[in-house]
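> Here's a sequence, model it:
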Amino acid sequence: MRMKRALLIGPLPPLIGGDTVSTMNLLKSGYWRESGIDIESINTCAKDRIRIPGDRLSIEQGLRAVRILARVFLKIPTRDVVLLWGNSRFICTLGIPIMIYAVMVRKPFIVKVFGAYLAERLRNLPRPVRAVVTGLLGRARFVLPQTGRLESELVDGTGIPASRVVSFPNFLADDALGSTLGEKRFSGRCVFVGQIKREKGVFDIIDALKGRNDLGCDFYGQIVERDRRGFIDAVGSSDRLSYRGVIEPGGVIDVIRRFDVLLLPTYHIGEGYPGVILQAFAAGTAVIASDWLSIPDLVEDGARGVLVPVKAPGRITGALDMLASDRDLFDTVRRKAFEFVKSFSEERIVRDILIRRVEGILGRAGD
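Numbering: from 1, shown residues only. Got it, this is the predicted structure:
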């Protein structure tokens, strides 16, 4: 029997970010071949820059979109199922002709939405465009929001049956989930891992640690050009702050494991379930994150980490002091997070949520 063929259209490296790494890890999963599915990809990610809210479409980006569509229109007819992976902006722009074409050539498709902003973006679209996008999403076999919050918003706001809207969060490879939590004592070593831009709270971290000789932070990630000069100058003002470049995706957990606390005081409007929080949980590193959008679903305050208000550097400092002075709390948040993250394994997310549904679409469920 020939292998079934899937086409994944979504963001991939070399640009490093939560969406690209998540998509790359999905493609690498051995559960595809185990299920008899050959999966091919088309990379939709810009290779040279991180886009930020409010960016205008350039001529170069328009040409790249044309090239992507040309590949999509050639490949979709040769595949048995289409997986469309994108953030809310992509779904509501380039995703429209892709979904229309899949409907025209009668190819079943699944839409995975990164972040938690799609419902808000749909509300802000002109009514005719909103009707087109919601109608196309209604033709998808499944829509996979990243968070429970977006799942509820899509069911309530689009009319898509709840049975076809299924939460599909970030996941960790099965072999990244250890069985033993190592010992750790608080020493004031903090880490930030992610795209370095003001909306991720990097300048709040710098303000929080200003003048503290007992606390420091290493920053890892690609820097948004808009914030490069300000960030480099701010980090250079203290020998307790360092920019360490970009971590290769496979090495993130090992790097985070060397630190006491991951700091993520983000207020990014598209934030979903940040994969770096799951990586910190698996590394046995405590997490201090912002009380923002769906982050409390992961970081239960006082149980699986500490939550702080957005744009509140003093509260970050206070949370660090609390972990430093309360050994029981430091150990508790690490232990509970380490156990919690096992529910985000590749087996439970990729195999049990996605591939089982793809098999059903292909008529192979139960074979």
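
> any weak-confidence spans in the stretch 251-367 of the chain?
Counting by pLDDT under 70, the low-confidence segments of the stretch 251-367 of the chain come to 364-367.

> where do the strands sit along it?
Using DSSP state E, counting those that start in this stretch, the strands assigned to the stretch 251-367 of the chain run over residues 261-264, 286-290, 306-308.

> In CSV, list those strands along with distance to residue 244 and mean neighbour count.
In this view, the C-beta of every residue, glycine as well, is placed from N, C-alpha and C. Putting these into CSV (distance: least, C-beta to C-beta, whole Å; neighbours: other C-beta atoms under 10 Å) gives the following:
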stretch, distance to residue 244, mean neighbour count
strand 261-264, 14, 28
strand 286-290, 19, 27
strand 306-308, 23, 24
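
> So this protein: which segments form each domain?
According to automatic domain parsing, the chain comprises the domains 4-171+345-361, 175-342.

> Return the distance of residue 154 relative to residue 358.
In this structure, residue 154 and residue 358 are separated by 20 Å, where distance is defined by C-beta to C-beta, to the nearest Å.

> typo on my end, residue 74
If you measure residue 74 against residue 358 using C-beta to C-beta, the figure is 22 Å.

> who has more neighbours, the two?
Neighbours around residue 74 and residue 358, counted as other C-beta atoms under 10 Å, are more numerous at residue 358. The numbers are 23 against 10.

> Run through the residues that contact the more buried one.
6, 35, 37, 81, 83, 110 (C-beta atoms under 8 Å, 6 or more residues apart in numbering).

> can you rerun that using 7 Å?
Applying C-beta atoms under 7 Å, 6 or more residues apart in numbering, we find residue 358 in contact with 6, 37, 81.

> Local confidence estimate at the last one?
Listed pLDDT for residue 81 reads 98.

> Thought residue 108 was touching it, still the case?
Yes - with contacts counted by C-beta atoms under 7 Å, residue 81 reaches residue 108, the gap being 5.2 Å.

> Residues in contact with both of these two, list them for me.
Any residue near both residue 81 and residue 108 by C-beta under 7 Å, 6+ apart counts here, and that gives residue 361.

> Comparing these two, which residue is more hemmed in?
The residue with more neighbours, out of residue 81 and residue 108 and counting by other C-beta under 10 Å, is residue 81; that gives 23 against 17.

> ok now the longest helix along the chain, how far from the chain's centre?
When every helix of the chain is counted residue by residue (DSSP state H), the longest turns out to be helix 59-75. Taking the mean of its C-alpha atoms, helix 59-75 sits 24 Å from the chain's own mean (C-alpha atoms, centre = their mean, to the nearest Å).

> Please apply the same query to stretch 194-210.
Between the mean C-alpha location of stretch 194-210 and the chain-wide mean there is a distance of 18 Å, by C-alpha atoms, centre = their mean.

> That stretch: which residues count as buried?
For stretch 194-210, a neighbour-count test (16 or more other C-beta atoms under 10 Å) marks 194-209 as buried.

> Okay, and which of the residues you listed map to strands?
Members of those lying in strands (criterion: DSSP state E): none.

> Chain neighbours aside, what residue packs nearest to residue 255?
For residue 255, the nearest residue in space outside its immediate sequence neighbours is residue 247; the separation is 5.3 Å by C-beta to C-beta, 6 or more residues apart in numbering.

> Ramachandran angles for that neighbour?
Backbone geometry at residue 247, expressed as degrees, to the nearest 10, gives phi -90, psi 140.

> going forward can the numbers begin at 53, since that is how I track them
In the new count, where the first residue is 53, that last one comes out as residue 299.

> if I look at it, how far off is residue 315?
Distance from residue 299 to residue 315, counting by C-beta to C-beta: 15 Å.

> Over to residue 186?
Relative to residue 315, residue 186 is positioned 37 Å away (C-beta to C-beta).

> Repeat that for residue 347.
Going from residue 347 to residue 315 by C-beta to C-beta gives 13 Å.

> same thing with residue 97?
Residue 97 sits 26 Å away from residue 315, taking C-beta to C-beta as the criterion.

> go on, residue 157?
Distance from residue 157 to residue 315, by C-beta to C-beta: 47 Å.

> same thing with residue 124?
Residue 124 sits 39 Å away from residue 315, going by C-beta to C-beta.

> Skipping adjacent residues, who's closest to residue 165 in space?
Nearest-residue entry for residue 165: residue 197, 5.1 Å, with adjacent residues in sequence omitted and distances by C-beta to C-beta, 6+ apart.

> Okay, now the unreliable bits of the stretch 53-202 of the chain?
Going by pLDDT under 70, which is the cut-off in play, the stretch 53-202 of the chain has low-confidence ranges at 53, 99-110.

> Tell me who's in contact with residue 87.
Residue 87 neighbours (C-beta under 7 Å, 6+ apart): 407, 411.

> Please apply the same query to residue 305.
By C-beta under 7 Å, 6+ apart, the contact set of residue 305 is 228, 331, 334, 335.

> Just put the residues you listed in CSV and tack on neighbour count and distance to residue 310.
Supplementary listing: these in CSV, determined by neighbours: other C-beta atoms under 10 Å; distance: C-beta to C-beta, whole Å:
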residue, neighbour count, distance to residue 310
228, 19, 16
331, 23, 13
334, 24, 14
335, 28, 9
